[in-house]
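Novice: Structure, please.
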Amino acid sequence: MKLGSLQYLCCPVCHEELSIDIRKQVENEIISGKLECHKCQREYYIRSGIPDFVVSQHLNEEDKKWMKIYDKMASSYDLFFQLISLISLGWELRERRKWTKKLEIKEGDMVLDVATGTGRNLPYIAEAVRNNGKIFAMDISMGMLAYAKVKVKKKRMNVELQRANAAYLPYKDNLFDAVFHVGGINTFGEKKKAIEEMVRVAKPGAKIVIVDEGFAPGKEKTFIGKQLLKTNILYLSKPPIDLLPKNIEKLRVSWVLHGTFYLMEFKKTKV
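Specialist: Down below sits the predicted model:
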């Protein structure tokens with residue numbers, strides 16, 4: 001965690017300012033320490049450079065279950081997608097680049113990647129915002145973040161990583177020029193609150209893009225659809241349009257990856 005990122009962070013529960021107690025620092029990088037909320041006095045520890053904002057009392061059983069699953073599968077997850085990319089001659093990576101372009105971000109922007117996993121979206125966001133942009137990326141799984149950290153360091157990306165619950169984001173209001181989420185919302189314990197949080201931290205007029213498993217209408221009746229359902233029931237998930245808050249506009253829903261994933265894009269209203 002860089003010291004300068006403190007100005008963008010807040011308590012994920014009450015959204016108040018945080019103070020910092022640094023225990024180990026190397027140049028501008030805080031390796032270990034503690035963040036404390038000015039209002040509710042909750043404490044959040046920094047370990048191996050990553051602040052941990054997960055509050056156990058606010059984790060429901062669904063979130064706990066998936067957190068453990070992602071921690072266990074972190075290494076195989078990244079390896080699986082590397083294999084998919086190799087077999088498909090980079091198809092998956094090209095799709096991620098297309099989705100990133102829908103964020104309409106430009107050089108110097110500040111972007112949030114929600115549930116970043118092992119950080120497979122980060123190179124494309126970094127490519128768009130350049131060196132003078134800022135990227136924040138969070139995930140509930142420390143195992144996933146460990147792999148994302150390796151990518152960030154290897155590619156020298158300007159990315160700040162945090163462990164957090166998507167329904168309780170540790171960022172101030174109206175902060176980001178764009179918010180991105182790929183994969184995960186179908187398993188969130190508090191989907192509605194997570195979407196509300198994505199909108200809360202976005203600037204007025206900012207673009208928000210959400211992508212996850214979900215068949216296009218009629219896809220489940222096809223041969224391929226039936227076979228995919230045998231491997232993952234989440235393909236029956238629908239775009240969570242009914243969970244969107246009122247302060248959004250220009251909603252558009254489409255299906256990608258041959259109709260197996262939905263892509264929901266919209267903007268936060270300017271008023």
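
Novice: buried stuff in the lowest-mean-pLDDT helix or strand in the chain?
Specialist: Lowest mean confidence among the helices and strands of the chain (mean pLDDT, DSSP states H and E): helix 61-87, at a mean of 83. Residues of helix 61-87 classed as buried by neighbour count (16 or more other C-beta atoms under 10 Å): Asp63, Trp66, Met67, Tyr70, Ala74, Tyr77, Asp78, Phe81, Ser85. C-betas here are computed from N, CA, C, even on glycine.

Novice: Pick the one among these closest to Lys39.
Specialist: The closest of these to Lys39 turns out to be Asp63 (C-beta to C-beta; 24.1 Å).

Novice: Okay, the nearest residue to that closest one once chain neighbours are set aside and Asp212: tell me how far apart.
Specialist: The spatially closest residue to Asp63, leaving aside those adjacent along the chain, is Gly189, at 4.2 Å (C-beta to C-beta, 6 or more residues apart in numbering). Gly189 is 15 Å from Asp212, where distance means C-beta to C-beta, to the nearest Å.

Novice: before we move on, what about Val26?
Specialist: Counting by C-beta to C-beta, the gap from Val26 to Asp212 is 37 Å.

Novice: distance of Arg42 from Ile140?
Specialist: Taking C-beta to C-beta, one finds Arg42 at 17 Å from Ile140.

Novice: In terms of neighbours, single out the busier of the two.
Specialist: Per other C-beta atoms under 10 Å, whichever of Arg42 and Ile140 has more neighbours is Ile140, with 24 against 17.

Novice: dump the residue contacts of the closest residue to the more buried one other than its chain neighbours.
Specialist: Nearest residue to Ile140, sequence neighbours excluded (C-beta to C-beta, 6+ apart): Met67, at 5.0 Å. If a contact means C-beta atoms under 8 Å, 6 or more residues apart in numbering, then Met67 has Leu59, Ile140, Ser141 as its contacts.

Novice: The first one contacts Asn165, correct?
Specialist: Same thing as Leu59. Yes: counting by C-beta atoms under 8 Å, Leu59 does reach Asn165; the two are 6.5 Å apart.

Novice: And the closest residue to Pro239 other than its chain neighbours, what's its pLDDT?
Specialist: Excluding its sequence neighbours, the residue lying closest to Pro239 (C-beta to C-beta, 6+ apart) is Tyr262, at 4.4 Å. At Tyr262, the model reports a pLDDT of 96.

Novice: and Tyr262, that's in a strand?
Specialist: Yes: with DSSP: H, G, I helix; E, B strand; the rest coil as the criterion, Tyr262 is part of a strand.
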